[in-house]
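Visitor: sequence first, predicted model second:
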Amino acid sequence: MLTIIKTWWLTGGMSIRILLINALTFLLITLASLSLTLGADFLAEFKGAYGLAAYADFGLMLRRPWAVLTHMFAHESPTHFAMNAMMLYWAGAMFQQQWGEKKLLQLYIFGGLAGLLIYTAALHSVPAWATMQNRPVLGASAAVLALFVATATATPNKKIAMPLLGAVELRWLAIAFVVLDLVYLGASEDPGGKVGHLGAALMGFVWAQLQLRTQNPGVRRAHRSDRSRTTMRVHRRSESDDDFNARRKQKLDRIDRILDKISSDGYDSLSKEQKSFLFKHGGGQ
(Lines give C-alpha, C1' and ligand atoms only; values in the text may rest on other atoms or scores of the structure.)
Protein backbone atom coordinates (compact mmCIF):
# COMPACT_ATOMS: atom_id res chain seq x y z
CA MET A 1 0.00 0.00 0.00
CA LEU A 2 2.81 2.41 0.88
CA THR A 3 4.48 1.60 -2.43
CA ILE A 4 1.30 2.50 -4.33
CA ILE A 5 0.96 5.78 -2.42
CA LYS A 6 4.62 6.61 -3.08
CA THR A 7 4.12 5.95 -6.79
CA TRP A 8 1.05 8.19 -6.87
CA TRP A 9 2.97 10.92 -5.05
CA LEU A 10 5.91 10.79 -7.45
CA THR A 11 4.02 10.36 -10.71
CA GLY A 12 0.55 11.83 -10.18
CA GLY A 13 1.47 15.49 -10.21
CA MET A 14 0.43 18.24 -7.81
CA SER A 15 -3.29 17.51 -7.95
CA ILE A 16 -2.69 13.94 -6.70
CA ARG A 17 -0.29 15.17 -4.00
CA ILE A 18 -2.87 17.63 -2.69
CA LEU A 19 -5.47 14.86 -2.82
CA LEU A 20 -3.21 12.57 -0.79
CA ILE A 21 -2.60 15.32 1.79
CA ASN A 22 -6.36 15.76 2.12
CA ALA A 23 -6.80 11.99 2.49
CA LEU A 24 -4.09 11.70 5.15
CA THR A 25 -5.53 14.65 7.07
CA PHE A 26 -9.01 13.10 6.94
CA LEU A 27 -7.60 9.80 8.21
CA LEU A 28 -5.83 11.51 11.13
CA ILE A 29 -8.98 13.45 12.05
CA THR A 30 -11.01 10.22 11.93
CA LEU A 31 -8.48 8.45 14.17
CA ALA A 32 -8.52 11.39 16.58
CA SER A 33 -12.32 11.20 16.75
CA LEU A 34 -12.09 7.48 17.50
CA SER A 35 -9.51 8.14 20.22
CA LEU A 36 -11.80 10.75 21.75
CA THR A 37 -14.64 8.28 22.01
CA LEU A 38 -12.24 5.85 23.71
CA GLY A 39 -11.36 8.36 26.40
CA ALA A 40 -8.63 10.65 25.06
CA ASP A 41 -10.07 13.65 26.90
CA PHE A 42 -7.23 16.02 25.99
CA LEU A 43 -8.41 15.99 22.36
CA ALA A 44 -11.69 17.61 23.38
CA GLU A 45 -9.82 20.92 23.80
CA PHE A 46 -9.05 21.06 20.06
CA LYS A 47 -12.45 21.87 18.60
CA GLY A 48 -12.97 22.24 14.89
CA ALA A 49 -11.12 19.37 13.21
CA TYR A 50 -8.78 19.30 16.22
CA GLY A 51 -7.38 22.75 15.66
CA LEU A 52 -7.18 22.66 11.86
CA ALA A 53 -10.44 24.48 11.10
CA ALA A 54 -10.62 28.24 10.59
CA TYR A 55 -13.22 30.66 11.97
CA ALA A 56 -14.64 34.05 11.14
CA ASP A 57 -14.08 34.97 14.79
CA PHE A 58 -10.88 37.04 14.93
CA GLY A 59 -10.22 36.09 18.56
CA LEU A 60 -10.21 32.40 17.73
CA MET A 61 -8.02 32.90 14.66
CA LEU A 62 -5.40 34.81 16.66
CA ARG A 63 -4.96 31.67 18.74
CA ARG A 64 -4.63 29.40 15.70
CA PRO A 65 -3.10 31.38 12.79
CA TRP A 66 -2.04 28.15 11.04
CA ALA A 67 -5.72 27.44 10.38
CA VAL A 68 -5.66 30.03 7.57
CA LEU A 69 -3.97 27.30 5.51
CA THR A 70 -4.82 24.03 7.26
CA HIS A 71 -8.59 24.49 6.98
CA MET A 72 -8.50 23.90 3.21
CA PHE A 73 -6.99 20.43 3.67
CA ALA A 74 -9.23 19.22 6.50
CA HIS A 75 -12.56 17.35 6.42
CA GLU A 76 -14.59 15.76 9.20
CA SER A 77 -17.48 14.32 7.20
CA PRO A 78 -16.79 11.30 4.94
CA THR A 79 -19.31 12.61 2.41
CA HIS A 80 -17.73 16.05 2.38
CA PHE A 81 -14.27 14.55 1.87
CA ALA A 82 -15.43 12.15 -0.87
CA MET A 83 -17.15 14.88 -2.89
CA ASN A 84 -14.20 17.24 -2.68
CA ALA A 85 -11.74 14.45 -3.45
CA MET A 86 -13.61 13.50 -6.63
CA MET A 87 -13.87 17.13 -7.70
CA LEU A 88 -10.16 17.71 -7.01
CA TYR A 89 -9.18 14.62 -8.98
CA TRP A 90 -11.32 15.69 -11.93
CA ALA A 91 -10.81 19.45 -11.99
CA GLY A 92 -7.18 19.19 -10.91
CA ALA A 93 -6.27 17.01 -13.87
CA MET A 94 -7.77 19.49 -16.34
CA PHE A 95 -6.16 22.46 -14.63
CA GLN A 96 -2.76 20.78 -14.46
CA GLN A 97 -2.87 20.02 -18.15
CA GLN A 98 -3.62 23.67 -18.87
CA TRP A 99 -1.20 25.46 -16.52
CA GLY A 100 1.05 22.96 -14.78
CA GLU A 101 1.74 21.85 -11.21
CA LYS A 102 3.16 24.99 -9.61
CA LYS A 103 0.24 27.16 -10.65
CA LEU A 104 -2.21 24.50 -9.49
CA LEU A 105 -0.82 24.72 -5.96
CA GLN A 106 -0.81 28.51 -6.21
CA LEU A 107 -4.46 28.81 -7.18
CA TYR A 108 -5.54 26.06 -4.76
CA ILE A 109 -4.18 28.18 -1.90
CA PHE A 110 -5.44 31.47 -3.36
CA GLY A 111 -8.90 29.97 -3.84
CA GLY A 112 -9.02 28.69 -0.27
CA LEU A 113 -7.84 32.04 1.09
CA ALA A 114 -10.34 33.97 -1.04
CA GLY A 115 -13.18 31.76 0.21
CA LEU A 116 -12.17 32.31 3.85
CA LEU A 117 -11.75 36.05 3.35
CA ILE A 118 -15.16 36.51 1.73
CA TYR A 119 -16.76 34.20 4.30
CA THR A 120 -15.29 36.24 7.17
CA ALA A 121 -16.27 39.56 5.59
CA ALA A 122 -19.84 38.34 5.04
CA LEU A 123 -20.32 37.14 8.62
CA HIS A 124 -19.02 40.46 9.96
CA SER A 125 -21.14 42.51 7.54
CA VAL A 126 -24.54 40.82 7.73
CA PRO A 127 -26.07 41.16 11.21
CA ALA A 128 -28.23 38.04 10.80
CA TRP A 129 -25.11 35.95 10.21
CA ALA A 130 -23.04 37.31 13.11
CA THR A 131 -23.95 34.35 15.34
CA MET A 132 -22.20 31.99 12.89
CA GLN A 133 -18.74 33.44 13.50
CA ASN A 134 -17.81 30.60 15.84
CA ARG A 135 -18.67 27.91 13.28
CA PRO A 136 -15.65 25.98 11.98
CA VAL A 137 -14.61 26.54 8.38
CA LEU A 138 -12.98 23.53 6.77
CA GLY A 139 -12.83 21.66 3.49
CA ALA A 140 -11.34 21.96 0.02
CA SER A 141 -14.58 23.11 -1.64
CA ALA A 142 -13.53 26.73 -2.21
CA ALA A 143 -10.02 25.85 -3.40
CA VAL A 144 -11.28 23.19 -5.82
CA LEU A 145 -14.02 25.46 -7.19
CA ALA A 146 -11.38 28.11 -7.96
CA LEU A 147 -9.43 25.50 -9.99
CA PHE A 148 -12.51 24.46 -11.93
CA VAL A 149 -13.70 28.00 -12.72
CA ALA A 150 -10.19 28.95 -13.88
CA THR A 151 -10.11 25.96 -16.22
CA ALA A 152 -13.59 26.76 -17.55
CA THR A 153 -12.54 30.38 -18.10
CA ALA A 154 -9.52 29.33 -20.17
CA THR A 155 -11.30 26.60 -22.17
CA PRO A 156 -15.02 27.44 -22.00
CA ASN A 157 -15.95 25.37 -25.05
CA LYS A 158 -14.22 22.19 -23.90
CA LYS A 159 -16.79 19.42 -23.55
CA ILE A 160 -16.83 16.65 -20.99
CA ALA A 161 -19.15 13.66 -20.70
CA MET A 162 -21.68 13.93 -17.86
CA PRO A 163 -24.01 11.13 -16.69
CA LEU A 164 -27.54 11.59 -18.12
CA LEU A 165 -26.55 14.93 -19.70
CA GLY A 166 -24.08 13.83 -22.35
CA ALA A 167 -21.34 16.21 -23.53
CA VAL A 168 -21.49 19.53 -21.66
CA GLU A 169 -19.25 22.57 -22.14
CA LEU A 170 -17.21 23.59 -19.10
CA ARG A 171 -18.61 27.12 -19.07
CA TRP A 172 -22.14 25.84 -18.48
CA LEU A 173 -20.99 23.64 -15.62
CA ALA A 174 -19.13 26.55 -14.02
CA ILE A 175 -22.21 28.75 -14.34
CA ALA A 176 -24.35 25.97 -12.85
CA PHE A 177 -22.09 25.71 -9.78
CA VAL A 178 -22.27 29.46 -9.21
CA VAL A 179 -26.04 29.58 -9.71
CA LEU A 180 -26.57 26.71 -7.26
CA ASP A 181 -24.57 28.54 -4.59
CA LEU A 182 -26.68 31.64 -5.21
CA VAL A 183 -29.90 29.63 -5.00
CA TYR A 184 -28.91 27.96 -1.73
CA LEU A 185 -27.60 31.19 -0.25
CA GLY A 186 -30.97 31.89 1.35
CA ALA A 187 -31.99 28.30 2.00
CA SER A 188 -28.81 26.86 3.47
CA GLU A 189 -28.01 26.57 7.16
CA ASP A 190 -24.53 27.80 6.25
CA PRO A 191 -25.01 30.84 3.97
CA GLY A 192 -21.51 32.05 4.78
CA GLY A 193 -20.11 28.92 3.22
CA LYS A 194 -21.99 29.61 -0.01
CA VAL A 195 -20.63 33.16 -0.03
CA GLY A 196 -17.15 31.70 0.42
CA HIS A 197 -17.69 29.49 -2.61
CA LEU A 198 -18.68 32.52 -4.67
CA GLY A 199 -15.55 34.35 -3.55
CA ALA A 200 -13.40 31.40 -4.61
CA ALA A 201 -15.16 31.21 -7.98
CA LEU A 202 -14.45 34.89 -8.54
CA MET A 203 -10.80 34.30 -7.63
CA GLY A 204 -10.58 31.49 -10.19
CA PHE A 205 -12.10 33.67 -12.91
CA VAL A 206 -9.88 36.69 -12.23
CA TRP A 207 -6.76 34.55 -11.86
CA ALA A 208 -7.38 32.85 -15.21
CA GLN A 209 -7.95 36.17 -16.98
CA LEU A 210 -4.69 37.54 -15.62
CA GLN A 211 -2.79 34.40 -16.60
CA LEU A 212 -4.14 34.45 -20.14
CA ARG A 213 -3.16 38.08 -20.61
CA THR A 214 0.29 37.54 -19.09
CA GLN A 215 1.09 34.45 -21.14
CA ASN A 216 -0.18 35.79 -24.46
CA PRO A 217 -0.17 39.60 -24.30
CA GLY A 218 -2.21 40.89 -27.18
CA VAL A 219 -1.68 37.81 -29.32
CA ARG A 220 -5.29 36.87 -29.98
CA ARG A 221 -6.51 40.44 -30.18
CA ALA A 222 -3.79 41.42 -32.64
CA HIS A 223 -4.26 38.20 -34.56
CA ARG A 224 -7.96 38.88 -35.05
CA SER A 225 -7.16 42.43 -36.06
CA ASP A 226 -4.64 41.20 -38.59
CA ARG A 227 -7.24 38.91 -40.15
CA SER A 228 -9.82 41.67 -40.44
CA ARG A 229 -7.66 44.22 -42.18
CA THR A 230 -8.87 45.18 -45.63
CA THR A 231 -5.79 47.15 -46.62
CA MET A 232 -2.50 45.54 -47.50
CA ARG A 233 0.69 46.81 -46.00
CA VAL A 234 3.70 47.18 -48.24
CA HIS A 235 6.54 44.93 -47.11
CA ARG A 236 9.85 46.65 -46.46
CA ARG A 237 11.41 44.55 -49.20
CA SER A 238 10.20 44.60 -52.77
CA GLU A 239 7.93 41.61 -53.45
CA SER A 240 4.88 40.77 -55.50
CA ASP A 241 1.37 40.74 -54.09
CA ASP A 242 1.23 36.95 -54.45
CA ASP A 243 4.49 36.48 -52.56
CA PHE A 244 3.36 38.82 -49.79
CA ASN A 245 -0.02 37.10 -49.43
CA ALA A 246 1.58 33.64 -49.41
CA ARG A 247 4.10 34.67 -46.75
CA ARG A 248 1.38 36.29 -44.67
CA LYS A 249 -0.88 33.21 -44.91
CA GLN A 250 1.98 30.92 -43.90
CA LYS A 251 2.67 33.04 -40.83
CA LEU A 252 -1.00 33.15 -39.79
CA ASP A 253 -1.40 29.40 -40.28
CA ARG A 254 1.56 28.75 -38.00
CA ILE A 255 0.19 31.14 -35.36
CA ASP A 256 -3.14 29.27 -35.57
CA ARG A 257 -1.39 25.95 -34.94
CA ILE A 258 0.50 27.36 -31.96
CA LEU A 259 -2.68 28.86 -30.47
CA ASP A 260 -4.48 25.54 -30.90
CA LYS A 261 -1.63 23.84 -29.04
CA ILE A 262 -1.91 26.39 -26.21
CA SER A 263 -5.67 25.78 -26.03
CA SER A 264 -5.29 22.00 -25.80
CA ASP A 265 -2.02 21.52 -23.90
CA GLY A 266 -1.25 24.87 -22.22
CA TYR A 267 1.37 27.54 -22.88
CA ASP A 268 4.13 25.57 -21.11
CA SER A 269 3.87 22.84 -23.75
CA LEU A 270 5.37 25.14 -26.40
CA SER A 271 9.01 24.76 -27.39
CA LYS A 272 11.40 27.65 -26.92
CA GLU A 273 11.38 28.25 -30.68
CA GLN A 274 7.56 28.33 -30.79
CA LYS A 275 7.40 30.80 -27.89
CA SER A 276 9.96 33.00 -29.65
CA PHE A 277 8.02 32.87 -32.91
CA LEU A 278 4.74 33.72 -31.14
CA PHE A 279 6.35 36.62 -29.31
CA LYS A 280 7.90 37.98 -32.51
CA HIS A 281 5.01 37.50 -34.92
CA GLY A 282 1.91 37.34 -32.68
CA GLY A 283 1.21 41.04 -33.00
CA GLY A 284 0.36 40.82 -36.68
CA GLN A 285 3.74 42.25 -37.73
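Guide: In hand now; what should we look at? If you're wondering where the values come from, they're calculated on a predicted model, not measured in any experiment.
Visitor: worst-scoring helix or strand of this structure, pLDDT-wise?
Guide: Lowest by mean pLDDT, DSSP states H and E among the helices and strands of the chain is helix 219-228, with a mean of 45.
Visitor: mind checking how far residue 76 is from residue 84?
Guide: As for residue 76, its distance to residue 84 is 12 Å (criterion: C-beta to C-beta, to the nearest Å). Placement of C-beta: from N, CA and C, glycine included.
Visitor: quick one, which of the two is more surrounded?
Guide: Shown here are residue 76 and residue 84; by other C-beta atoms under 10 Å, residue 84 has more neighbours (23 against 19).
Visitor: buried by neighbour count: which residues of whichever strand or helix holds residue 25 qualify?
Guide: Element membership of residue 25, judged by DSSP states H and E, is helix 13-37. Neighbour-count burial for helix 13-37, counted by 16 or more other C-beta atoms under 10 Å, picks out 13, 14, 15, 16, 17, 18, 19, 22, 25, 26, 29, 32.
Visitor: pLDDT value on the third one, please?
Guide: The predicted local confidence for residue 15 comes out at a pLDDT of 93.
Visitor: so which strand or helix has the nearest residue to it once chain neighbours are set aside?
Guide: Closest residue in space to residue 15, ignoring its immediate chain neighbours: residue 92 at 2.8 Å, by C-beta to C-beta, 6 or more residues apart in numbering. If you go by DSSP H and E, residue 92 is part of helix 78-99.
Visitor: show me what the following helix or strand past that helix is packed against.
Guide: Next in sequence after helix 78-99, counting helices and strands by DSSP H and E, comes helix 101-125. In terms of contacts (3 or more C-beta pairs under 8 Å, 6 or more residues apart in numbering; DSSP states H and E), helix 101-125 is packed against helix 13-37, helix 67-70, helix 78-99, helix 141-154, helix 191-215.
Visitor: at the geometric centre of the protein, which residue sits there?
Guide: With distances taken as C-alpha atoms, centre = their mean, residue 147 lies nearest the centre of the chain, 1.2 Å away.
Visitor: so who does that residue touch?
Guide: Residues near residue 147 by C-beta atoms under 8 Å, 6 or more residues apart in numbering: 88, 91, 92, 95, 104, 107, 108, 111, 204.
Visitor: want to throw the helices and strands packed on helix 101-125 into CSV with distance to residue 2?
Guide: Converted to CSV, the helices and strands packed on helix 101-125 look like this (distance: least, C-beta to C-beta, whole Å):
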stretch, distance to residue 2
helix 13-37, 12
helix 67-70, 24
helix 78-99, 19
helix 141-154, 26
helix 191-215, 33
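Visitor: can you tell me which of those helices comes nearest to residue 257?
Guide: helix 191-215 (16.8 Å; C-beta to C-beta).
Visitor: what's the pLDDT at residue 247?
Guide: Looking at residue 247, its pLDDT reads 76.
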